[in-house]
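Asker: Following is a predicted model, sequence given first.
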Number of protein chains: 2
Amino acid sequence: MKRRTSLTLVVMSWWAATVSATPLSDETISTAKQLRDEALVGSRAWNIVESLTTEVGPRLAGSEAEARARAWAVTKLASYGFENVRVERFAMDGWERGTEVAEIVAPFPQKLSITSLGNSIATADAGVEAEVVLFETLAELMAAEVGSLSGKIAYVGHGMQKTQDGSSYGHFVRLRSAGAVEAARRGAIATLIRSIGTDSHRMPHTGNMSYADDVTPIPIAALSNPDADQLERISARGQTITVKMTLTPHYTGVVESGNVIADIPGTDLADEIVVIGGHLDSWDLGTGAVDDGAGVAITMEVLRQIKSRGLKPRRTIRLVLWGAEEVGLLGGYAYAKAHKAELRKHVIGTESDFGAGRIWKITRNINEAAAPVADKIAELVEPLGIAPGSDTARSSGPDLSPLNALGFPGFRFVQDGSDYFDLHHTPDDTLDKIDPAAMDQNVAAYLVFVWLAANSDVSDWGWTVAE
Amino acid sequence: MKRRTSLTLVVMSWWAATVSATPLSDETISTAKQLRDEALVGSRAWNIVESLTTEVGPRLAGSEAEARARAWAVTKLASYGFENVRVERFAMDGWERGTEVAEIVAPFPQKLSITSLGNSIATADAGVEAEVVLFETLAELMAAEVGSLSGKIAYVGHGMQKTQDGSSYGHFVRLRSAGAVEAARRGAIATLIRSIGTDSHRMPHTGNMSYADDVTPIPIAALSNPDADQLERISARGQTITVKMTLTPHYTGVVESGNVIADIPGTDLADEIVVIGGHLDSWDLGTGAVDDGAGVAITMEVLRQIKSRGLKPRRTIRLVLWGAEEVGLLGGYAYAKAHKAELRKHVIGTESDFGAGRIWKITRNINEAAAPVADKIAELVEPLGIAPGSDTARSSGPDLSPLNALGFPGFRFVQDGSDYFDLHHTPDDTLDKIDPAAMDQNVAAYLVFVWLAANSDVSDWGWTVAE
């Protein structure tokens, strides 16, 4: 009985919240619906990602190509009539891919398809050739004794499966981050991992890694999933496997990255900010269509739609096209530092950085005062097939996570990422994988979000003191 | 009325044929059914292709790897109890892939994913850099004036779509064969083509090409479909495109290939042969799982099943694992030449060389006398979902086409190849693409075919005089 009573109370309080006087004007709601419906008919989001991926292509953090992407963004936003576009530059340590080849020398000679993880050191120019010791999981590697891999190449597998919300990535990506360090700690001279990906194509997945101060760095590369299968099949035959691998990436010293920022200035609450965006950098293997040209395009299109109609929001709607996300959320940290004094003026915000699939749910971590606004957002995007989700840890996307860590409230539109980790960080992240209609659905949802958040009576969505 | 009467006559003659005394004993039919049903429960075909693709991997025609594949086949067949396994060697001109890189230099710098076509000459070591002239089709290239591409790189696209029977390949592959010659004839210094493939992955499709005596050879490579899209999108912006490409393949002189042959000797009609097989060589980019490890495995398993049961067919059932198919059906021609004296003893046969998908129809070109046997084969494989197809040109598969050209009757099991040209000649032709149950269905059908063909009263299926 007690549980039933609690449930009734919860339901009643939800109901009460949804029927109470809304902190949103009828005009705000009506405009949001109109923006939403017109976006669904067909937005220009696809054309924007087409332009970025075609005219710039791959845009590695800190590279000349990423600088071209910033120039592209500035020009494109200016063409939409934005007069306040600026680039907030920051310095970073550069890294570039080199040659990356590997082969099974014995028992069954054949080439392997590999790619360096970002930030990996190089092998010797002539490569490294050694016996491979196979581990099923990172945990199994970590259970091996220190020194036990002396002179060997460590290979580590895993069993990552597709998920709609991408939630298993956080677990499995630990292997990419920690693989080289844990293998080196045990004496290995190089590391191979199964790609952190869910496809079965001969395309290895890159992604960032880092070293630990107390361990000598060793090179690390990812095998495509079919190549990892092959290595495991050969190992199952009980024969010693010798692999030769050559990686020649190099560090490029201190280089420049930057965030591109454009605002639609607010009216009576102009110093308050609603922020959206995507990240402008991509890995170098593909053209960064789903990661994160799509997020860039969706959020640019949102601002273009509002701007082109001459609509005047109460709060400032800010677009941040983040730089150097892939190599450690550098744009996010740079922004948090540069805007330290006015962080609390960021009322709410969210980043689009999970591909180009349809949004299927909302997660949020906000206060009671903002719930009616968020509920109305949920109500208006429900016709797009989007369900309200449960509250979660404060999360507004990767580049806003430095703000979340300082107490910024959380809001996300969760995209269907069932195939996201098929493409993520591979050469196959290209425009052809994007469905324009799914992008329009995203644009429609973000328009509802920014328009209601920028025009409601609620300025405090629940900043907390950092934990 | 006339048409109805004709139809009735056709139906009656069909009915008469199917109910007339069959040239097959009840025991033959009963054994075929048993073989079929036991294969469906689970054959070892997948294990065979697993073994070949794992323990040998890629096996380019004329390479050391193809020699290892022959050794693998000899060992594997010996392990099944075959005592008459032999290799019929032949000489061929060798070719090996080298470096293959390309990039758009202007207007939008980015790398392109390419692969040399088989037999292509190299570029200069430092590569070739030139303006690209785009053509939508081979026909459009051929309409260009001689000399009009002087100093340029020719790019040629096409619009190949997926088909279930693969029938459009014959049309579109003409671009791969003729692209370099036709571009060179018009003055081009190199050629790029859209891959002859139906996928949208960053994996270019290789495949053989040849030069003409009256034209100076120029190098040729294929772009992956997404890269071809990219080039065409950039071209649509009206800007001059400059590409740099470097290919360093080389010819390896006269090398050795060979066909591996094993027989189940016949009894009273031992000098008559029913021949099946697949080709042992593969392109070097993948592990040749669907092209043609699957065909090798399906047909090896058919012989293993018959052998392991100690069954004695009237005619000799011959397995030929063809060598060097990919570079011009060299194994097929070598066999036709080596066995010239006894070609007419080859009663009927067929090659499995269209992937690992399920068989969905039969095509045949045979005489009236053999129709009852072929009809019974069709009847017994109908429970496998296989429909009789219409008669066609004499076709028994690529490596038997030299025999077909001499009048050998045609018979094929047509596999579902809807995704065959997604994988064909790419790095992605690997084991993970194969469904073991579909292979079992193939084994079941081939068992019915060989058992009925080897035991019927019909020795003449309709050899004709070569046209």
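Answerer: Happy to help now that I have it. Nothing here was measured: the structure is a model prediction, and the numbers come from that model. Numbering: from 1, shown residues only, chains lettered A, B, ... in the order given.
Asker: Can you report how many residues lie near the nearest residue to A:S282 once chain neighbours are set aside?
Answerer: In space, A:S282 comes closest to A:G288 once its chain neighbours are excluded; the distance is 2.3 Å by C-beta to C-beta, 6 or more residues apart in numbering or on different chains. (Glycine included, C-beta is placed from N, CA and C.) The local packing of A:G288 (other C-beta atoms under 10 Å in any protein chain shown) involves 31 other residues.
Asker: Does A:G288 touch A:G278 like I think?
Answerer: No - A:G288 is not in contact with A:G278 according to C-beta atoms under 8 Å; the separation is 10.1 Å.
Asker: Where does pLDDT dip in the stretch 251-400 of chain A?
Answerer: The stretch 251-400 of chain A contains no residues with pLDDT under 70.
Asker: now the helices: where do they sit in it?
Answerer: A:294-308, A:330-338, A:371-381 (DSSP state H, counting those that start in this stretch).
Asker: looking at these, which is buried most?
Answerer: helix A:294-308 (a mean of 26; mean count of other C-beta atoms under 10 Å in any protein chain shown).
Asker: gap between A:K433 and chain B?
Answerer: 7 Å (C-beta to the nearest C-beta, to the nearest Å).
Asker: can you check A:I234 too?
Answerer: A:I234 is 6 Å from chain B, by C-beta to the nearest C-beta.
Asker: residues contacting that residue?
Answerer: By C-beta atoms under 8 Å, 6 or more residues apart in numbering or on different chains, A:I234 lies in contact with A:104, A:107-108, A:241, B:54-55.
Asker: repeat that with 10 Å
Answerer: A:104, A:106-108, A:110, A:132, A:134, A:240-241, B:54-55, B:57 (C-beta atoms under 10 Å, 6 or more residues apart in numbering or on different chains).
Asker: Check A:A393 too.
Answerer: The neighbours of A:A393, taking C-beta under 10 Å, 6+ apart as the test, are A:363, A:365, A:404, A:410.
Asker: of all those residues, which two lie farthest apart?
Answerer: A:T363 and A:N404 (12.2 Å; C-beta to C-beta).
Asker: Show me which positions of stretch A:339-355 end up buried.
Answerer: Of all the residues in stretch A:339-355, those buried under the rule 16 or more other C-beta atoms under 10 Å in any protein chain shown are A:339, A:343, A:346-355.
Asker: The residues you listed in strands, which ones?
Answerer: A:346-351 (DSSP state E).
Asker: Of the residues you listed, which pair is most distant in space?
Answerer: A:V347 and A:E351 (15.2 Å).
Asker: Phi, psi for the residue in the stretch 151-300 of chain A positioned nearest to chain B please.
Answerer: Closest contact between the stretch 151-300 of chain A and chain B, by C-beta to the nearest C-beta, is at A:R202 (3.8 Å). Main-chain torsions, A:R202, degrees, to the nearest 10: phi -80, psi 50.
Asker: Return the residues in contact with it.
Answerer: Per C-beta under 10 Å, 6+ apart, neighbours of A:R202: A:112-113, A:223-227, A:426-427, B:201-203, B:285-287, B:426-430, B:432.
Asker: The residues you listed in strands, which ones?
Answerer: A:112, A:223.
Asker: Now list the buried members of the contacts of A:R202.
Answerer: Here, 16+ other C-beta under 10 Å leaves A:112-113, A:223-227, A:426-427, B:201-203, B:285-287, B:426-430, B:432 buried among these.
Asker: Name the residues of stretch A:232-247 that come out as buried.
Answerer: For stretch A:232-247, the neighbour count (16+ other C-beta under 10 Å) marks A:232-235, A:241-247 as buried.
Asker: So which of the residues you listed are in strands?
Answerer: A:242-247.
Asker: All the helices of the stretch 101-250 of chain A, in order from the start?
Answerer: Per DSSP H, counting those that start in this stretch, the stretch 101-250 of chain A carries helices over the ranges A:138-143, A:169-172, A:174-185, A:225-236.
Asker: Which positions within the first one qualify as buried?
Answerer: Which is helix A:138-143. A:138, A:141.
Asker: helices and strands around that helix, which ones?
Answerer: Counting contacts by 3 or more C-beta pairs under 10 Å, 6 or more residues apart in numbering or on different chains; DSSP states H and E, helix A:138-143 packs against strand A:128-135, strand A:153-156, helix A:174-185, strand A:190-194.
Asker: What are the contacting residues of it?
Answerer: Here helix A:138-143 makes contact (C-beta under 10 Å, 6+ apart) with A:133-135, A:137, A:149, A:154-158, A:171-172, A:174-179, A:182-183, A:185-186, A:188, A:191, A:193.
Asker: gap between the residue nearest in space to the middle of chain A and chain B?
Answerer: Centre of chain A computed as the mean C-alpha position; nearest residue by C-alpha atoms, centre = their mean is A:D353, 4.1 Å away. Distance, A:D353 to chain B, by C-beta to the nearest C-beta: 22 Å.
Asker: swap in A:T54?
Answerer: Per C-beta to the nearest C-beta, A:T54 is found 5 Å from chain B.
Asker: these two touch, right, A:P204 and A:G197?
Answerer: Yes - counting by C-beta atoms under 10 Å, A:G197 is a contact partner of A:P204 at 8.1 Å.
Asker: got any residues that touch both of those two?
Answerer: Shared contacts of A:P204 and A:G197, defined by C-beta under 10 Å, 6+ apart, are found at A:222, A:224-225, A:425-426.
Asker: Can you sort out which of those also neighbour chain B?
Answerer: When contact is defined as C-beta under 10 Å from any C-beta of the partner chain, the shared contacts of A:P204 and A:G197 meet chain B at A:224-225, A:426.
Asker: any idea which of the buried residues of stretch A:232-247 is the one closest to B:D460?
Answerer: Closest to B:D460, out of all of the buried residues of stretch A:232-247 and judged by C-beta to C-beta, is A:R233, at 46.2 Å.
Asker: So which bits of stretch A:399-407 are buried?
Answerer: Neighbour counts over stretch A:399-407 (16+ other C-beta under 10 Å) mark A:399-404, A:406 as buried.
Asker: residues from the stretch 51-200 of chain A in reach of chain B?
Answerer: Within the stretch 51-200 of chain A, the positions adjacent to chain B are A:51, A:53-59, A:64-65, A:68, A:72, A:99, A:104, A:107-113, A:199-200 by C-beta under 10 Å from any C-beta.
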